[in-house]
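Asks: coords below, sequence missing:
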């Protein structure tokens, strides 16, 4: 039987502060399955945090959608107070948890014929599938305007390059999700689009004037607030026009002055992960947490040591540095949010996940946003299937023996050669198909091709070593490549990198007759 929310006024100070902390946990059930031990606690410690420290929520990563259904119930059973369970599911639940629908990146939607409808459907599909596995808080949508093509971390996670695009499609996503009892999140306030620095690694600076910030960065957040977005996630950015000293996450001027007072936001302010270099290098972990609360944050996401964080904030209250009313305001907002989503409705995930209608929407977005050119279809047949990725160890979710990028090519007679960008040092001797998987992602520090890789690819194109080309991910990589393609070279670009995107790309590049006799699960959706 689901727990009921207690009366927050009966909580001790330490229990109240515990509610302000969201910890990271593996979506897998067992300790031996933990993939990121620096961030994901073993079960005995996690149970201590939830039961004894009264931690308010958990952010999840890893495991299949089916496992998440069991894991979410397990975590709720351990908790002293019902939990907010969240995940970064900007591209559908299947982006993080296989078995659910993996949708295209948001920027793909802006390239379709019905962007508002698709954005709303994306929000609804994501919310429904999240609820089916016990997640009640979507850390989506991204409301950043990707106005810098070299942005290494936002990139195709944004709905577009203009405030108008992001404003329209981000709010449509929120409205779609609002059909279900889940929380939504506008991120990353006040806007992470115009930077070439990844805040997971370092502290970026946004050089805009006050006028530029109000014209470009703020409108999407203003619109999200106007339609009732539940939470706003802060960005680890230095914005000298507003605060010359502190990152936005730690800035009273930005969180309380701008977001609360000027924009009138009354929901939850949640920090971006506090283990990220953008703030982790600014001060000690405990001091960063205290500064974030002083600035106006309600929820501290992924502090390095939850227990030390709680103790530090409690001490700051007891010594008079932080007024207790500041904590009470946050806990009141947290419980208001929890009242909206707790208890999570009982849903049979086997009936709610991967519905044909959701796949139909996903396929429509991929088809409509796909680009192609040259003399299609590709009739020639080289020897090799060259697959270029940024880091081989980080591509197993979309490149494996069963995925179309490998399996289709194999059954068409190609031999696969997996190439890592850092080790891409010379031009291959044999001609073949070239597939490039490249997009912005956290902790990478770049979003595109290195100068060395560009030089090698240009030489391959000039020397006839590329018979056909598929680009997955970044339109900026695709745009650069199109400037250097020999006339008539067949090519396809897809915003998506998932198996369905690969399938559609192959069926566009090659004659359909080439697939007539192919068999196997890799060719179904």
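Replies: Nice, I can see it. Computed from a predicted structure; not experimentally measured.
Asks: what about the helices in the stretch 51-200 of the chain?
Replies: When secondary structure is read from DSSP state H, counting those that start in this stretch, the stretch 51-200 of the chain shows helices at 65-78, 106-109, 115-132, 163-177.
Asks: burial count for residue 428?
Replies: The local packing of residue 428 (other CB atoms under 10 Å) involves 19 other residues. Placement of C-beta: from N, CA and C, glycine included.
Asks: And for residue 9?
Replies: Residue 9 has 10 neighbouring residues, counting by other CB under 10 Å.
Asks: Now render the helices of the stretch 51-200 of the chain as TSV, adding mean neighbour count, distance to residue 9 and mean pLDDT.
Replies: Formatted as TSV, those follow (neighbours: other CB atoms under 10 Å; distance: least, CB to CB, whole Å; pLDDT from 0 to 100):
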stretch	mean neighbour count	distance to residue 9	mean pLDDT
helix 65-78	19	23	96
helix 106-109	27	40	98
helix 115-132	24	29	98
helix 163-177	24	30	98
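Asks: mind checking which of those is nearest residue 457?
Replies: Residue 457 lies closest to helix 106-109 among the helices of the stretch 51-200 of the chain, at 22.6 Å (CB to CB).
Asks: Pull the residues that contact that closest one.
Replies: With contact meaning CB atoms under 8 Å, 6 or more residues apart in numbering, helix 106-109 is reached by 90-91, 115, 118-119, 122, 141-142, 146, 155-160, 169, 173, 365-366, 369, 475, 495-496.
Asks: quick one on the thing from earlier: nearest to residue 285, of the helices of the stretch 51-200 of the chain?
Replies: Between these, helix 65-78 lies closest to residue 285; by CB to CB that is 23.3 Å.
Asks: That closest one - contacts with which helices or strands?
Replies: Judged by 3 or more CB pairs under 8 Å, 6 or more residues apart in numbering; DSSP states H and E, the packing partners of helix 65-78 are helix 43-51, strand 57-61, strand 84-87, helix 115-132, helix 349-352.
Asks: Which stretch among those approaches residue 429 most closely?
Replies: It is, among these and with distance given as CB to CB, strand 57-61, at 40.6 Å.
Asks: The closest one pairs with which strands?
Replies: Strand 57-61 has the following strand partners under DSSP bridges: strand 21-26 (parallel), strand 84-87 (parallel).
Asks: what residues does the longest one touch?
Replies: Contacts with strand 21-26, where a contact means CB under 8 Å, 6+ apart, come from 33-36, 39-41, 46, 49, 53, 55-63, 71, 75, 84, 86, 270, 273, 299-303, 306, 309-310.
Asks: Columns distance to residue 410 on top of the helices of the stretch 51-200 of the chain, output as JSON lines?
Replies: Below are the helices of the stretch 51-200 of the chain laid out as JSON lines (distance: least, CB to CB, whole Å):
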{"stretch": "helix 65-78", "distance to residue 410": "28"}
{"stretch": "helix 106-109", "distance to residue 410": "27"}
{"stretch": "helix 115-132", "distance to residue 410": "31"}
{"stretch": "helix 163-177", "distance to residue 410": "37"}
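Asks: re earlier: buried by neighbour count, from the contacts of strand 21-26: which ones?
Replies: 34, 39-41, 46, 49, 53, 55-63, 71, 75, 84, 86, 270, 273, 299-303, 306, 309-310 (16 or more other CB atoms under 10 Å).
Asks: and residue 398, which of the helices and strands packed on helix 65-78 is closest to it?
Replies: strand 57-61 (16.3 Å).
Asks: Return the angle between stretch directions for the closest one and helix 65-78.
Replies: 160 degrees (axes from the mean of the first three to the mean of the last three CA atoms, to 10 degrees).
Asks: State the mean pLDDT of strand 57-61.
Replies: In this model, strand 57-61 has a mean pLDDT of 98.
Asks: With stretch 302-313 instead?
Replies: 97.
Asks: next one: stretch 8-20
Replies: On average, the pLDDT along stretch 8-20 is 97.
Asks: quick one: low-confidence parts of the stretch 151-300 of the chain?
Replies: 196-202 (pLDDT under 70).
Asks: For it, just list every one of the strands.
Replies: Assigned by DSSP state E, counting those that start in this stretch, the stretch 151-300 of the chain shows strands spanning 185-189, 231-234, 268-270, 300-301.
Asks: cool, and the stretch 351-500 of the chain?
Replies: 371-373, 384-389, 415-420, 432-438, 466-473, 491-494.
Asks: With distance to residue 254 added, can I get those in CSV?
Replies: Putting the strands of the stretch 351-500 of the chain into CSV (distance: least, CB to CB, whole Å) gives the following:
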stretch, distance to residue 254
strand 371-373, 38
strand 384-389, 37
strand 415-420, 39
strand 432-438, 33
strand 466-473, 32
strand 491-494, 37
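Asks: And these: which comes nearest residue 326?
Replies: Each of the strands of the stretch 351-500 of the chain has some distance to residue 326 by CB to CB; the shortest is strand 466-473, at 42.5 Å.
Asks: for the closest one, packing partners?
Replies: Using 3+ CB pairs under 8 Å, 6+ apart, the elements in contact with strand 466-473 are strand 432-438, helix 475-482, strand 491-494, helix 499-509.
Asks: Dump those to TSV, plus distance to residue 264 and mean neighbour count.
Replies: What follows is the helices and strands packed on strand 466-473, written out as TSV (distance: least, CB to CB, whole Å; neighbours: other CB atoms under 10 Å):
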stretch	distance to residue 264	mean neighbour count
strand 432-438	40	25
helix 475-482	35	19
strand 491-494	40	26
helix 499-509	40	23
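Asks: which stretch among the ones you listed comes nearest residue 373?
Replies: With CB to CB, the closest approach to residue 373 among those belongs to strand 491-494: 5.6 Å.
Asks: Against which helices or strands is the closest one packed?
Replies: strand 371-373, strand 466-473, helix 475-482, helix 499-509.
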